[in-house]
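Asker: build me a model:
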Amino acid sequence: MIQYGTGRLALRNQNLCFSQLLKLPSFRPRPPQRMFRKTHHRSFSYLWDVIQSGNVFASNPILKLIPERTNYNSVQRYSKPTPVDLSSMTASNLTRAASQVQKEYEEAWRILMPKLNDLGPEELLENLDQLESASLVVDNVASLCHHMHVFNDSWIRAVHQVGTDFEHEQSRELYLALLESYTKVDVGTETGRLLRKHLNQFELRGVHLDTEVREMFLNLEASKIEFESKFIIPEEVNEQDSTSSTTKEQLQSIYGMLAIRQKQAELLGYDTYVDLALDGRTISDANEIHCLHNEVAKRASLALESVENESKKIDLTSHLSLDGTLQGLFAIARALFGVVISEDENPNGWNQDVRLFHITAGDVEERWIGSFYIDAYKRSTKTRSTLMAPLTPRIVYMNINAKAPVWDDSPSPVCLEDVVAIFHEFGHVLQFILARDNSWYRPDSSSIDISEVMPQFMEHWVFEESMLQTLAHISGSATPIPDEVVTAIQKQRRNEKIEESLRRVFLGKLELDMFSRKDNEESLVALQRRLVEDYVPHEPIPKSDLSPMVQLMEANGRLQRPVAQYRYLMSELISADLFLTCKEMGISNQDKMKKLGHSLQTLILEPGTQADIKKALLSICEHESVSADAYFKLNFLLSSRHSRHHGNMNSPPQNFLEISSETGDCLNLTGFSGASSEKDVSVETSDASEKDHPVEKLSPSSNLLDLALLLRNVKTVSLGILSPSLA
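Answerer: Next up, the predicted model:
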């Protein structure tokens, strides 16, 4: 899961969003809950800062995070920044940073306004970049603080006070200047693309509309925010501090918000809100999404009959450790993308358990590409969500909720769910940091449908037997993971994917139908009940339970993900296609792996939000359509009479665990890649005492990792020595 800054992008307090609307006479927001901006709170916080630091002029670590004023798309982005000490960060640091950044923004905008028509296209873009950069960093730090101090009143108050009033976002003069610049450039260039992106954002805010229509649009926006605040309660607000809305009130609010969004879409020239949201996406036609949903639902429904209801928790903590998992993960990144990941010995994070890693290019220059923090252990004070979110254009953080070890120097065992979360969120890290520009730092709705591709691609690695056994080996497990446990894990994964597929289809169809509905159609309650019966009859939802619709309204509102439920399923299909190609190539062929990694990097990672996923599929998988074939093949659901889309339909697929859709019997288990006649791979170690390790001798199905070979010289779990051991 990827999340972006609190502030204006995903503000927890709904009444502070679109602060320019506060001036409208028709907008009267209710006083926000648990928000006390009394001077003595700030004064006490400042005094506490002085006491902690011993310095009356204590510096603000949040302001140090703000990059120097520079064009982030230049080569200067490879300059490794000076590490910032976040261990002393306080709530007053956040409020003072927000106040200072707001003043600097207002001054910069005042200076820029008279010069708008005198700037060239590149100069205009650079000035806009500088105008917003500091505020975005503070927003992102506020998001971090919200996640790490969920129940701390002083931090909650501080987070609620963050949110720059971006006056330029409603400036018609700036819109006209951007439009003029757009006519002077080649629309196919990077400059043309960025100008078009800015123009789209202005037009979605209604800046281009005539005065009367624009006022109507803004009034609708204010009413929408007021509707949302009635039933979407920030997670940090305790139950006793808020009154829950009744089902009837929630339903009225949902109807009201749907009507507002439909009217706004019409004002912007679209037939429905769905048409507005899908404009510019990889799949811009709702009918194409419906076809994808129908294909997945048909296959998953057939397989649902074989799902066993009982699901036992599988404990792998005796086999897997946090450091071993990270080493295996970083080795995959090195093998595919040529990046070197090393740990910083002095992370100075917001908690003593936070770790900091740096990513550099594996070339001679060892260029710094980016850095990421990992907050790996569960704490009562932080969010329960696993996520990746940015701090600066090249620094991000991951939040995982693994169980902390008893002692600081004890091994850190992790469960399977933790391993999956680590691989998934690291996929977001790669997708964010390896992007050529900073498009993921300022995402727009057109990029949202590919935001889960790399995370899902990384997730697939976890459920290969050879990957699990390699992670166990690296983690120092005394014994390999038993075959029956691996089989149980894969079976459980299969069952979960079947049910998850149908759940994704249900939510995706519900969202599309809700936001494209016209007057006098079936009621929302009837719509939800019908879709439940069609797609998730095994998970009955009471008639009075509106949680699916509330979830969708929140995603389309506070979370800034308009009509995006389908993206999870589509990303699953795309990532399965990419991973299946990886399996067919065979990890043992390092040249092919480098070639595949290069294709992934140049076609998907580096383009960032502008990745042409159909072009990538055509180049890597030899077809450009998003298909469910690979997804069901990887999840053991494709019948043996089907083959790869570009293969012979009369010949059975090779080298996969296949399940017949008719009998559910296991037809073939030949391994991960390569011919089954290949010899066992012996793993040599540099330590003679490890030669009898049970995981050293890998089976033919373990051809995947050659990761064990890559790691053969690793004698300890110190991540600092990972890079030279892979050289």
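
Asker: longest helix in the protein, by residue count?
Answerer: Identified as the longest helix of the chain according to DSSP state H is helix 483-515.

Asker: show me what that one is packed up against.
Answerer: Packing partners of helix 483-515 (3 or more CB pairs under 8 Å, 6 or more residues apart in numbering; DSSP states H and E): helix 247-267, helix 273-278, helix 286-304, helix 465-474, helix 524-535, helix 547-556, helix 566-585. Quick note: C-beta positions are derived from backbone N, CA and C, even for glycine.

Asker: in JSON lines: those, plus mean neighbour count, distance to residue 207 and mean pLDDT.
Answerer: Compiled in JSON lines, the helices and strands packed on helix 483-515 are given as follows (neighbours: other CB atoms under 10 Å; distance: least, CB to CB, whole Å; pLDDT from 0 to 100):
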{"stretch": "helix 247-267", "mean neighbour count": "17", "distance to residue 207": "12", "mean pLDDT": "88"}
{"stretch": "helix 273-278", "mean neighbour count": "23", "distance to residue 207": "15", "mean pLDDT": "90"}
{"stretch": "helix 286-304", "mean neighbour count": "18", "distance to residue 207": "26", "mean pLDDT": "90"}
{"stretch": "helix 465-474", "mean neighbour count": "25", "distance to residue 207": "50", "mean pLDDT": "92"}
{"stretch": "helix 524-535", "mean neighbour count": "17", "distance to residue 207": "32", "mean pLDDT": "92"}
{"stretch": "helix 547-556", "mean neighbour count": "18", "distance to residue 207": "21", "mean pLDDT": "86"}
{"stretch": "helix 566-585", "mean neighbour count": "22", "distance to residue 207": "27", "mean pLDDT": "90"}
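
Asker: can I get those helices in TSV with distance to residue 369?
Answerer: Formatted as TSV, those follow (distance: least, CB to CB, whole Å):
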stretch	distance to residue 369
helix 247-267	39
helix 273-278	32
helix 286-304	34
helix 465-474	24
helix 524-535	42
helix 547-556	31
helix 566-585	22
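
Asker: nearest to residue 83, out of the ones you listed?
Answerer: Between residue 83 and the helices and strands packed on helix 483-515, the shortest separation by CB to CB is 27.7 Å, and it involves helix 465-474.

Asker: quick one: the closest one to helix 483-515, angle?
Answerer: Here helix 465-474 runs at an angle of 120 degrees relative to helix 483-515 (axes from the mean of the first three to the mean of the last three CA atoms, to 10 degrees).

Asker: can I get helix 465-474 in PDB? Just the C-alpha atoms.
Answerer: Extracted in PDB, the C-alpha atoms of helix 465-474 (Å, rounded to 0.1, in the frame of the first residue of the first chain):
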ATOM      1  CA  GLU A 465       9.500 -23.200  -2.900                       C
ATOM      2  CA  SER A 466      13.100 -22.300  -3.800                       C
ATOM      3  CA  MET A 467      12.700 -18.800  -2.600                       C
ATOM      4  CA  LEU A 468      11.300 -19.900   0.800                       C
ATOM      5  CA  GLN A 469      14.100 -22.400   1.200                       C
ATOM      6  CA  THR A 470      16.700 -19.900   0.200                       C
ATOM      7  CA  LEU A 471      15.400 -17.300   2.700                       C
ATOM      8  CA  ALA A 472      15.500 -20.100   5.400                       C
ATOM      9  CA  HIS A 473      19.100 -20.900   4.400                       C
ATOM     10  CA  ILE A 474      20.100 -17.200   4.600                       C
END
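
Asker: chain center to that helix: distance?
Answerer: In terms of CA atoms, centre = their mean, to the nearest Å, the centre of helix 465-474 is found 26 Å from the chain centre.

Asker: where do the helices sit along the stretch 351-500 of the chain?
Answerer: Taking DSSP state H, counting those that start in this stretch to define them, one finds helices in the stretch 351-500 of the chain at 416-433, 453-462, 465-474, 483-515.

Asker: kindly reformat those helices as TSV containing distance to residue 304.
Answerer: Formatted as TSV, the helices of the stretch 351-500 of the chain follow (distance: least, CB to CB, whole Å):
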stretch	distance to residue 304
helix 416-433	22
helix 453-462	21
helix 465-474	25
helix 483-515	6
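
Asker: need the winner for burial among those helices.
Answerer: Burial of the helices of the stretch 351-500 of the chain is given as mean neighbour count (mean count of other CB atoms under 10 Å); helix 465-474 ranks first at a mean of 25.

Asker: name the helices or strands packed onto that one?
Answerer: Applying 3+ CB pairs under 8 Å, 6+ apart, one finds that helix 465-474 contacts helix 322-337, helix 483-515, helix 707-710.

Asker: switch these over to CSV; also include mean pLDDT.
Answerer: Shown next, in CSV, are the helices and strands packed on helix 465-474 (pLDDT from 0 to 100):
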stretch, mean pLDDT
helix 322-337, 93
helix 483-515, 91
helix 707-710, 46
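
Asker: so which of these comes closest to residue 421?
Answerer: helix 322-337 (10.1 Å).

Asker: just want the angle from the closest one to helix 566-585.
Answerer: If you take the same axes, to 10 degrees, helix 322-337 sits at 70 degrees to helix 566-585.

Asker: so how far is helix 322-337 from its chain's centroid?
Answerer: 19 Å.

Asker: for stretch 503-523, same thing?
Answerer: 25 Å.

Asker: of the helices and strands packed on helix 465-474, which is nearest residue 104?
Answerer: helix 322-337 (36.9 Å).
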